[in-house]
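**Q** next come a sequence and a model predicted from it.
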Amino acid sequence: MSNKVFNRVCKKCGTKFTSTFNHDHYCSDKCRFYDKTEINPSTPLIEGEHCLDWTASTRMGYGQMGFGTKPNSKRHIEQAHRIAWQLECGPIPEGKGYHGTVVRHKCDRPLCCNINHLELGSQSDNNQDKVKRGTTNKGRSCSNVGERNGQSKLTEADVRFIRSSPDITVRTVMDMFKLSRPSAIAVIERRTWKHI
Ligand SMILES: [Zn+2]
Ligand SMILES: [Zn+2]
C-alpha cells in the first residue's frame, strides 16, 4: 500500500482534510451521514423540529449506511437512525433481551434521523421505563441537551446548519435566528452547543 496522502475538501462542511483515499468526500462520519439527510417540512413539529429524513439507501423502511470508525475498524451496515444516535450520543448501551436496546422514534417515522426524535428503549414493555433516554446514557439526556436550557432560541438543526456553513457571518446568524451578538458569536465559536 502506498502512503500517499491526498488533500481533500469536505463536500458537506467545506473543511480541508487529508485522506489516504483519493475519493474521500467527507471529513468525518458525521458529515458523510448528515449529507444524506434532509429536513422534511411536511412533517409535524416534534420537540419543536421537523423530521430529518434519510435520503439514501433503505431496507424495510429504515435508512441504512456502512458505518464504523476509521481507519481500522470494519464498516458494517447499520440502520441510519441508530447511526444518528451513535454520532450524537455515543455507543448504544447493549441492553437486555434478544433485541437489546432499541433506538425508538418519537415521531413514528422510521426514516427520521433527527436526534431529538429518537430515544432509547427496550423491546420489552416492562423494561421500557428503566432504559429510557437519559437514564441509560450515563445520566445525560442526549436527546436535547442544548434545547433544555430554557433560553435557547436555537434548535439542534439550526446549530447544525450554522456549523455546516463555514463562511456564515455573525450578522447573518443574529438575523436568521434572532440572537444577540454574544449568543451568535458563542455558537459560531462553539462555546455553546458543544455537544453538536
Ligand atoms: Zn465535513
Ligand atoms: Zn422525526
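**A** Sure, I can see it. Ligands and ions are numbered 1, 2, ... in the order given.

**Q** for Asn26, which non-adjacent residue is spatially closest?
**A** Not quite, residue 26 is Tyr, not Asn. Arg32 (3.9 Å; CB to CB, 6 or more residues apart in numbering). Using the backbone N, CA and C atoms, a C-beta is placed for each residue, glycine as well.

**Q** ditto for Ile115
**A** Looking at Ile115 with CB to CB, 6+ apart, the closest residue is Glu88, at 4.4 Å.

**Q** same question for Ala84.
**A** Nearest non-adjacent residue to Ala84 (CB to CB, 6+ apart): Cys113, at 4.1 Å.

**Q** give me the element Leu87 is part of.
**A** helix 80-89 (DSSP states H and E).

**Q** helix or strand next in line after that helix, which one?
**A** Note on helix 80-89: by DSSP H and E, the next helix or strand toward the C-terminus is strand 101-105.

**Q** what angle separates the helix or strand just after that next one from strand 101-105?
**A** Going down the chain from strand 101-105, the next helix or strand is strand 118-122, by DSSP H and E. Going by axes from the mean of the first three to the mean of the last three CA atoms, to 10 degrees, strand 118-122 is angled at 140 degrees with respect to strand 101-105.

**Q** strand 118-122 - what's its average pLDDT?
**A** The pLDDT scores in strand 118-122 average 84.

**Q** one more: stretch 166-175?
**A** 81.

**Q** ok, residues contacting it?
**A** Stretch 166-175 has contacts (CB atoms under 8 Å, 6 or more residues apart in numbering) with 13-15, 162, 179-181, 184-185, 187-188.

**Q** pull out the buried members of the residues you listed.
**A** For those, a burial check counting by 16 or more other CB atoms under 10 Å picks out 13, 162, 179, 184, 187-188.

**Q** from the residues you listed, which are also near ligand 1?
**A** Contacts with ligand 1 within the buried ones among the contacts of stretch 166-175, as defined by CB under 5 Å from the ion: Cys13.

**Q** the residue nearest to Ile115 reaches Arg160, doesn't it?
**A** No. If you go by CB atoms under 8 Å, Glu88 and Arg160 don't touch, sitting 10.1 Å apart.

**Q** turn the contacts of stretch 166-175 into TSV, columns for distance to Ser42, pLDDT and secondary structure.
**A** What follows is the contacts of stretch 166-175, written out as TSV (distance: CB to CB, whole Å; pLDDT from 0 to 100; DSSP: H, G, I helix; E, B strand; the rest coil):
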residue	distance to Ser42	pLDDT	secondary structure
Cys13	26	94	coil
Gly14	29	95	coil
Thr15	31	94	coil
Ile162	24	85	helix
Leu179	27	80	coil
Ser180	32	80	coil
Arg181	34	82	helix
Ala184	29	85	helix
Ile185	34	87	helix
Val187	28	86	helix
Ile188	30	87	helix
